[in-house]
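In: could you look at this predicted model? Sequence included:
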Amino acid sequence: MNTPQIKRDAWLSSFAFLTVGATFLLLALGGLVSSKGVGMAVPDWPTTFGYNMFTFPLSEMIGGIFYEHSHRLMGSLVGLLTIGLTLLIWLREERTWLKWLSVIALFAVIFQGILGGLRVVQISTAFAVAHGAFAHAFFALIVSIALFLTDFWRRSEADLPIEVNRSFKTLTIMTSVVIYLQLMLGAVYRHTGELLWLHLFFAFVVTIMAFILTDSVNKKINGIVFIKRISVALVALLVFQLFTGMGAFMMKLFSPERLEAPPLVIAMTLIHVLTGAILFAASTALTLSVLRVTNSSPGTVTA
């Protein structure tokens, strides 16, 4: 017997995707701050040079202060949007688990803001790494909430699950885990210059796993266009990510030493960071979608 479909709420879904877009812009500003090395341009927090964050004069937003303070303001906007999303989900959604997931997202954005503040007041590289790595996790969480509100998720409730073997599901989950570990290593290298060898090793591991996963998706659940497109996009993003990572490294290697990185190095590093965020979000969406439409038992032959 088919399960009744979840009632659609297009307005709520649109608000979720608005939050996704704002979070992506926040990631871009954060990437600019770290790439330009201006994370300490504003030395106090939660105030800005003693001002309330929202009353700091625009005329004084110059140089590195412009990027760091813009990052803080955008973070506040994302915080407000997350509050709004949580309230709307509690008011308009029927799924209890999704309501509590939105609460987790709200605590996550607060936690991320505190991490950013501690990075400033403690002048801590460790907090900078944690802040950079957790940003990717929060982005993937907001993307996941948006996914749960899509037509794809709603309609698949009524479909019979596709039988797959358990190893396929494990591969799907582990690919997301390894991609996130790779993003953490990227944050470590970006902020400390350490562990480049491990970052390169994990790039190799991620590449192998992503290609195997995409091939497996194509063979096992080829009939679901949405999932197939995500898996293809995953490989395309990965190839692009490898080129941007190589480009950023080579440009940095052959750039003259100076206080601020050249614009091309900043641009390439920023693209690399943002592509990494999209890659992890896509992998998370793929994992959740596969778990949504499949069922498994040991040794089961795929459909």
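Out: Arrived safely, thanks for sending. This one's a predicted model, so the numbers in the text were calculated from it and none came from an experiment.
In: low-confidence stretches in the stretch 1-150 of the chain?
Out: Along the stretch 1-150 of the chain, the model assigns pLDDT under 70 to residues 1-8.
In: wouldn't Leu141 be in contact with Ala108 here?
Out: Yes. Counting by Cβ atoms under 8 Å, Leu141 does reach Ala108; the two are 6.0 Å apart. Placement of C-beta: from N, CA and C, glycine included.
In: between those two, which is the more surrounded one?
Out: Leu141 (20 against 16; other Cβ atoms under 10 Å).
In: now do that one against Phe54, distance only.
Out: Going from Leu141 to Phe54 by Cβ to Cβ, to the nearest Å gives 26 Å.
In: ditto for Phe254
Out: 42 Å.
In: and if you look at Gly84?
Out: For Gly84 relative to Phe54 (Cβ to Cβ), the value is 18 Å.
In: for Phe201, same thing?
Out: Distance, Phe201 to Phe54, using Cβ to Cβ: 44 Å.
In: which of those two has more neighbours?
Out: More crowded of Phe201 and Phe54, by other Cβ under 10 Å: Phe201, with 13 against 9.
In: OK, contacts around that one?
Out: Counting by Cβ atoms under 8 Å, 6 or more residues apart in numbering, Phe201 makes contact with nothing.
In: and the next element down the chain from the helix or strand hosting it?
Out: In this structure, Phe201 sits in helix 196-220 according to DSSP states H and E. Downstream of helix 196-220, the first helix or strand assigned by DSSP H and E is helix 225-254.
In: can you point out the buried residues in that next one?
Out: 226-228, 230-231, 233-234, 237-238, 241-242, 244-245, 247-249, 251 (16 or more other Cβ atoms under 10 Å).
In: would you quantify the distance from Gln241 to Ile227?
Out: 21 Å.
In: low-confidence ranges in the stretch 201-303 of the chain?
Out: Across the stretch 201-303 of the chain, the ranges flagged by pLDDT under 70 are 256-260, 297-303.
In: kindly recompute the last result at 50.
Out: Low-confidence segments of the stretch 201-303 of the chain (pLDDT under 50): 299-303.
In: run the angle between the helix or strand that contains Thr175 and helix 196-220 for me.
Out: Using DSSP H and E, Thr175 falls within helix 166-192. Inter-element angle recorded for helix 166-192 and helix 196-220: 150 degrees (by axes from the mean of the first three to the mean of the last three Cα atoms, to 10 degrees).
In: average pLDDT for helix 166-192?
Out: Averaging pLDDT along helix 166-192 gives 94.
In: tell me the angle that helix makes with helix 225-254.
Out: Relative orientation of helix 166-192 and helix 225-254, computed by the same axes, to 10 degrees: 30 degrees.
In: which helices and strands sit right next to helix 166-192?
Out: For helix 166-192, the packing partners by 3 or more Cβ pairs under 8 Å, 6 or more residues apart in numbering; DSSP states H and E come out as helix 10-36, helix 125-148, helix 196-220, helix 263-293, strand 294-296.
In: please name whichever of those is nearest to Ser176.
Out: With Cβ to Cβ as the criterion, Ser176 lies closest to helix 263-293 of these, at 4.4 Å.
In: what residues of that closest one count as buried?
Out: Applying a neighbour-count criterion of 16+ other Cβ under 10 Å, one finds 265-290, 292-293 buried in helix 263-293.
In: repeat for stretch 208-227
Out: Here stretch 208-227 shows Met209, Ala210, Leu213, Thr214, Ser216, Val217, Lys220, Ile221, Ile224, Phe226, Ile227 as buried, counting by 16+ other Cβ under 10 Å.
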